[in-house]
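Engineer: Structure, please.
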Amino acid sequence: MTAPTYAALKTELLEALDTHIDILKDASYIQEGHLDGIMFMMRSLGFIFDRAPKVLAEEDPEEMNYQMFQYYSLLTELKYNLTLHFPYSQINNVSLLEIADQFPTTYEKEMKDWWENLTGLSVEETKQTIEIKEFEY
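Structural biologist: Residues are numbered from 1 along each chain as shown. Got it, this is the predicted structure:
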(Lines give C-alpha, C1' and ligand atoms only; values in the text may rest on other atoms or scores of the structure.)
Protein backbone atom coordinates (compact mmCIF):
# COMPACT_ATOMS: atom_id res chain seq x y z
CA MET A 1 0.00 0.00 0.00
CA THR A 2 1.36 3.39 -0.98
CA ALA A 3 1.61 6.03 1.72
CA PRO A 4 -0.09 9.35 0.94
CA THR A 5 2.14 12.26 -0.01
CA TYR A 6 2.93 15.11 2.35
CA ALA A 7 0.82 17.42 0.15
CA ALA A 8 -2.18 15.07 0.32
CA LEU A 9 -1.94 14.83 4.11
CA LYS A 10 -1.52 18.59 4.41
CA THR A 11 -4.66 19.12 2.35
CA GLU A 12 -6.57 16.63 4.51
CA LEU A 13 -5.40 18.33 7.71
CA LEU A 14 -6.41 21.74 6.37
CA GLU A 15 -9.84 20.35 5.45
CA ALA A 16 -10.19 18.95 8.98
CA LEU A 17 -9.24 22.29 10.52
CA ASP A 18 -11.73 24.04 8.22
CA THR A 19 -14.44 21.61 9.34
CA HIS A 20 -13.65 22.42 12.96
CA ILE A 21 -13.82 26.16 12.27
CA ASP A 22 -17.17 25.70 10.50
CA ILE A 23 -18.57 23.90 13.57
CA LEU A 24 -17.53 26.78 15.79
CA LYS A 25 -18.83 29.56 13.57
CA ASP A 26 -22.10 27.85 12.60
CA ALA A 27 -23.19 26.84 16.11
CA SER A 28 -26.32 28.95 16.51
CA TYR A 29 -28.51 26.63 18.59
CA ILE A 30 -27.45 24.50 21.54
CA GLN A 31 -29.94 23.04 23.96
CA GLU A 32 -29.01 23.54 27.61
CA GLY A 33 -28.90 19.81 28.41
CA HIS A 34 -26.46 19.13 25.59
CA LEU A 35 -23.52 21.20 26.83
CA ASP A 36 -21.71 18.29 28.49
CA GLY A 37 -21.41 16.41 25.19
CA ILE A 38 -20.50 19.55 23.26
CA MET A 39 -17.80 20.48 25.78
CA PHE A 40 -16.44 16.93 25.59
CA MET A 41 -16.29 17.11 21.79
CA MET A 42 -14.66 20.56 21.75
CA ARG A 43 -11.99 19.50 24.27
CA SER A 44 -11.35 16.34 22.24
CA LEU A 45 -10.95 18.37 19.05
CA GLY A 46 -8.55 20.62 20.94
CA PHE A 47 -6.37 17.61 21.73
CA ILE A 48 -6.66 16.33 18.16
CA PHE A 49 -5.55 19.64 16.61
CA ASP A 50 -3.19 20.89 19.32
CA ARG A 51 -0.01 20.19 17.31
CA ALA A 52 -1.46 21.03 13.88
CA PRO A 53 -0.18 24.63 13.55
CA LYS A 54 3.37 23.58 14.48
CA VAL A 55 3.27 20.61 12.10
CA LEU A 56 2.00 22.78 9.25
CA ALA A 57 4.69 25.41 9.90
CA GLU A 58 7.58 22.90 10.06
CA GLU A 59 6.74 21.09 6.81
CA ASP A 60 8.31 17.87 8.14
CA PRO A 61 6.81 14.80 6.41
CA GLU A 62 7.46 12.51 9.40
CA GLU A 63 5.74 14.93 11.78
CA MET A 64 2.83 15.22 9.35
CA ASN A 65 2.50 11.43 9.22
CA TYR A 66 2.42 11.27 13.01
CA GLN A 67 -0.05 14.17 13.22
CA MET A 68 -2.41 12.47 10.80
CA PHE A 69 -2.09 9.06 12.45
CA GLN A 70 -2.97 10.74 15.74
CA TYR A 71 -5.82 12.70 14.12
CA TYR A 72 -7.45 9.57 12.68
CA SER A 73 -6.98 7.55 15.87
CA LEU A 74 -8.37 10.24 18.16
CA LEU A 75 -11.24 11.04 15.79
CA THR A 76 -12.32 7.39 15.83
CA GLU A 77 -12.07 7.34 19.62
CA LEU A 78 -14.15 10.54 19.76
CA LYS A 79 -16.86 8.90 17.65
CA TYR A 80 -16.99 5.92 19.99
CA ASN A 81 -17.25 8.18 23.03
CA LEU A 82 -19.98 10.30 21.47
CA THR A 83 -21.95 7.17 20.62
CA LEU A 84 -21.57 5.65 24.06
CA HIS A 85 -21.82 8.70 26.32
CA PHE A 86 -23.47 11.55 24.40
CA PRO A 87 -25.83 10.11 21.77
CA TYR A 88 -28.42 12.78 22.59
CA SER A 89 -26.15 15.84 22.28
CA GLN A 90 -26.72 18.12 19.29
CA ILE A 91 -25.65 21.41 17.75
CA ASN A 92 -28.26 23.06 15.49
CA ASN A 93 -30.42 19.92 15.91
CA VAL A 94 -27.67 17.75 14.36
CA SER A 95 -26.18 14.97 16.50
CA LEU A 96 -22.54 15.32 17.50
CA LEU A 97 -21.80 11.99 15.84
CA GLU A 98 -23.18 13.30 12.53
CA ILE A 99 -21.01 16.37 12.98
CA ALA A 100 -17.92 14.25 13.74
CA ASP A 101 -18.63 12.21 10.62
CA GLN A 102 -18.06 15.38 8.56
CA PHE A 103 -14.32 15.27 9.30
CA PRO A 104 -12.28 13.74 6.46
CA THR A 105 -10.83 10.25 6.89
CA THR A 106 -9.39 9.64 3.43
CA TYR A 107 -6.04 8.18 4.54
CA GLU A 108 -6.99 6.57 7.85
CA LYS A 109 -6.05 3.02 6.82
CA GLU A 110 -2.79 4.12 5.18
CA MET A 111 -1.69 6.01 8.30
CA LYS A 112 -2.54 3.05 10.53
CA ASP A 113 -0.38 0.88 8.26
CA TRP A 114 2.40 3.52 8.35
CA TRP A 115 2.40 3.49 12.16
CA GLU A 116 2.41 -0.30 12.34
CA ASN A 117 5.31 -0.51 9.85
CA LEU A 118 7.24 2.20 11.72
CA THR A 119 6.79 0.79 15.21
CA GLY A 120 6.11 -2.90 14.67
CA LEU A 121 3.06 -2.49 16.89
CA SER A 122 -0.41 -3.65 15.92
CA VAL A 123 -3.06 -0.94 16.18
CA GLU A 124 -6.46 -2.06 17.41
CA GLU A 125 -9.49 -0.36 15.87
CA THR A 126 -10.31 1.12 19.27
CA LYS A 127 -9.49 0.93 22.94
CA GLN A 128 -13.20 0.60 23.66
CA THR A 129 -14.70 -2.77 24.55
CA ILE A 130 -17.61 -2.39 22.16
CA GLU A 131 -17.36 -2.86 18.42
CA ILE A 132 -19.29 -0.58 16.08
CA LYS A 133 -19.01 -1.66 12.45
CA GLU A 134 -19.66 1.83 11.03
CA PHE A 135 -16.39 3.08 12.51
CA GLU A 136 -14.17 0.46 10.90
CA TYR A 137 -12.13 1.49 7.91
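Engineer: All the strands of this structure, in order from the start?
Structural biologist: Using DSSP state E, the strands of the chain run over 90-91, 94-95.
Engineer: Export those strands to a markdown table and append columns for mean neighbour count.
Structural biologist: The C-beta positions use only the backbone N, C-alpha and C, and glycine is treated the same way. Output for the strands of the chain, formatted as a markdown table (neighbours: other CB atoms under 10 Å):
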| stretch | mean neighbour count |
| --- | --- |
| strand 90-91 | 20 |
| strand 94-95 | 16 |
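Engineer: Switch these over to a markdown table; also include mean pLDDT.
Structural biologist: Shown next, in a markdown table, are the strands of the chain (pLDDT from 0 to 100):
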| stretch | mean pLDDT |
| --- | --- |
| strand 90-91 | 94 |
| strand 94-95 | 96 |
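Engineer: Just send the ones you listed back as CSV, with distance to residue 46 too.
Structural biologist: Converted to CSV, the strands of the chain look like this (distance: least, CB to CB, whole Å):
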stretch, distance to residue 46
strand 90-91, 16
strand 94-95, 20
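Engineer: Could you say which one of these comes nearest to residue 63?
Structural biologist: Nearest of the strands of the chain to residue 63, taken as CB to CB: strand 90-91 at 31.3 Å.
Engineer: What does the pLDDT read for residue 74?
Structural biologist: pLDDT, residue 74: 95.
Engineer: Verify the contact between it and residue 44 for me.
Structural biologist: Yes - Residue 74 lies in contact with residue 44 (CB atoms under 8 Å); the separation is 6.9 Å.
Engineer: Between these two, point out the one with more neighbours.
Structural biologist: A side-by-side neighbour count of residue 74 and residue 44, using other CB atoms under 10 Å, places residue 44 first with 18 against 15.
Engineer: Wait, that one touches residue 76, no?
Structural biologist: No - using CB under 8 Å, residue 44 is not in contact with residue 76, being 11.2 Å away.
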